[in-house]
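A.B. asks: How does the following fold in three dimensions:
(one chain, ligands or ions: 2)
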Amino acid sequence: MTDVSQIAPRDKAEILAQALPYIRRFHGKTMVIKYGGNAMTDPELQADFAEDVVLLKLVGINPVVVHGGGPQIETALNRLGKKGEFIQGMRVTDAETMEVVEWVLAGEVQQDIVGLIHQAGGKAVGLTGRDGGLIRAKKLKMVDSKDPTKEHDVGQVGDIVAIDPSVVSALQDDQFIPVISPIGFGEQNESYNINADVVASKLATILKAEKLILLTNTPGVLDKTGKLLTDLTAREIDELFADGTISGGMLPKIAGALDAAKSGVNAVHIIDGRVPHAMLLEILTDQAYGTMIRSH
Ligand SMILES: Nc1ncnc2c1ncn2[C@@H]1O[C@H](COP(=O)(O)OP(=O)(O)O)[C@@H](O)[C@H]1O
Ligand SMILES: CC(=O)N[C@@H](CCC(=O)OP(=O)(O)O)C(=O)O
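C.D. replies: Ligands and ions are numbered 1, 2, ... in the order given. Purely as a prediction, here's the structure:
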């Protein structure tokens, strides 16, 4: 955590004064925050994250947290002697992997975040997409990104069919902070593993969120030389996809971010969750962080 006593009083006052117009502008607005598994590996940063979420709630903003947990699932699979396999950013999910995904996301990661928010003085409620019929899904049909005639079978990976946000809205109205695990349910009550960026992006659209913030473990989207791209339009994103600059977990992240921007979410940012309080600084100060995704 930053040692606040080291900041000069004048600078502190400056930061607080700067926040006021943002607090006024965002009062009563919903912000969907995707907390990536790669950004949650440090306990101190996790505590900072929980404090930021609580502060947002206290100043009248409605944060909705969607969490990931890719690295945490990987550790659990390794303990069972299994190794995760990804195709186009999605984990190939057989029945045993699905069990591990549910147990790690809903049982461990979500409950850790709920506990940290409580410790920071907030009231969080953990949900999966099953709760309140939140996320209805079906098996994802994955078409190869280079050869559209080819399909990949990625097992129980879910494609979102519908989101019923009523449970999230009810919790918000009651001053709770929803913490959502990216697990959906199908017609036969089967479970689906859904990429957390995809869930966060769809939820931001459905909730008509003011902002979608995706916290990850890079400074933002980087070009081929490793330089940060501060601003990206749909056309520029197409080019990055085509020339292979974007790969792995960044594929669903950018695709989801662009979808949300095109569907009316005012501001979509991919920022570095390893920087203490990055989210708070992005929302409540003039400082721009990471990559902003624009619809055109
Ligand atoms: N052009 C790019 N810019 C930044 N990161 C990229 C890019 N292409 C691929 N990546 C990868 O995407 C990762 C972030 O996605 P992911 O591992 O799914 O994280 P998270 O757990 O936050 O969702 C980065 O750590 C990086 O390895
Ligand atoms: C289908 C799919 O890939 N699901 C992800 C769900 C967790 C996630 O998205 O975690 P991050 O945000 O930390 O990457 C997985 O199994 O890893």
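A.B. asks: How many residues are close by the residue of the stretch 1-150 of the chain found nearest ligand 2?
C.D. replies: Ranking the residues of the stretch 1-150 of the chain by distance to ligand 2 (Cβ to the nearest ligand atom) places Gly68 first, at 2.1 Å. The C-beta positions use only the backbone N, C-alpha and C, and glycine is treated the same way. Each residue near Gly68 was counted by other Cβ atoms under 10 Å, and the total is 28.
A.B. asks: which residues touch it?
C.D. replies: Residues in contact with Gly68, defined by Cβ atoms under 8 Å, 6 or more residues apart in numbering, are Lys34, Tyr35, Gly36, Gly37, Asn38, Met40, Val109, Pro182, Ala196, Asp197.
A.B. asks: Quick one: list the elements packing against the helix or strand hosting the first one.
C.D. replies: Right, Lys34. In this structure, Lys34 sits in strand 30-35 according to DSSP states H and E. Packing partners of strand 30-35 (3 or more Cβ pairs under 8 Å, 6 or more residues apart in numbering; DSSP states H and E): helix 43-58, strand 62-67, helix 196-206, strand 211-216.
A.B. asks: now the angle from it to helix 43-58?
C.D. replies: 170 degrees (axes from the mean of the first three to the mean of the last three Cα atoms, to 10 degrees).
A.B. asks: Looks like Leu127 contacts Pro165 (just checking).
C.D. replies: No: under the contact definition of Cβ atoms under 8 Å, Leu127 does not touch Pro165, with a separation of 11.1 Å.
A.B. asks: related to what we said a few turns ago, need the helices and strands packed on strand 30-35 in TSV with mean neighbour count, can you?
C.D. replies: Supplementary listing: the helices and strands packed on strand 30-35 in TSV, determined by neighbours: other Cβ atoms under 10 Å:
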stretch	mean neighbour count
helix 43-58	19
strand 62-67	26
helix 196-206	26
strand 211-216	27
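A.B. asks: For ligand 1, find the nearest of the ones you listed.
C.D. replies: strand 211-216 (3.3 Å).
A.B. asks: Does the closest one reach ligand 2?
C.D. replies: No: judged by Cβ under 6 Å from any ligand atom, strand 211-216 makes no contact with ligand 2; its nearest approach is 7.8 Å.
A.B. asks: and if you look at stretch 194-210?
C.D. replies: Yes: Stretch 194-210 is in contact with ligand 2 by Cβ under 6 Å from any ligand atom, via Ile194, Asn195, Ala196.
A.B. asks: so what's the second one closest to, chain neighbours aside?
C.D. replies: Counting by Cβ to Cβ, 6 or more residues apart in numbering, the nearest residue to Asn195 once its immediate chain neighbours are dropped is Pro252, at 4.5 Å.
A.B. asks: Is that neighbour in a helix, a strand, or coil?
C.D. replies: Here Pro252 takes the helix state, with states given by DSSP: H, G, I helix; E, B strand; the rest coil.
A.B. asks: list the contacts for it?
C.D. replies: For Pro252, the residues meeting the contact criterion (Cβ under 8 Å, 6+ apart) are Gln88, Gly89, Met90, Asn195, Asp197, Val198.
A.B. asks: ok, of those, which one's closest to Ile135?
C.D. replies: Lowest distance from Ile135 to those (Cβ to Cβ) belongs to Val198, with 10.1 Å.
A.B. asks: Grab the nearest non-local neighbour of the closest one.
C.D. replies: Leaving aside its chain neighbours, Val198 sits nearest to Gly256 (5.0 Å; criterion: Cβ to Cβ, 6+ apart).
A.B. asks: Now that that neighbour has come up, it's in contact with Asp197, right?
C.D. replies: Yes: at 4.6 Å, Gly256 counts as touching Asp197 under the criterion of Cβ under 8 Å.
A.B. asks: Find the residues that touch each one of the two.
C.D. replies: With Cβ under 8 Å, 6+ apart, Gly256 and Asp197 have common neighbours Leu214.
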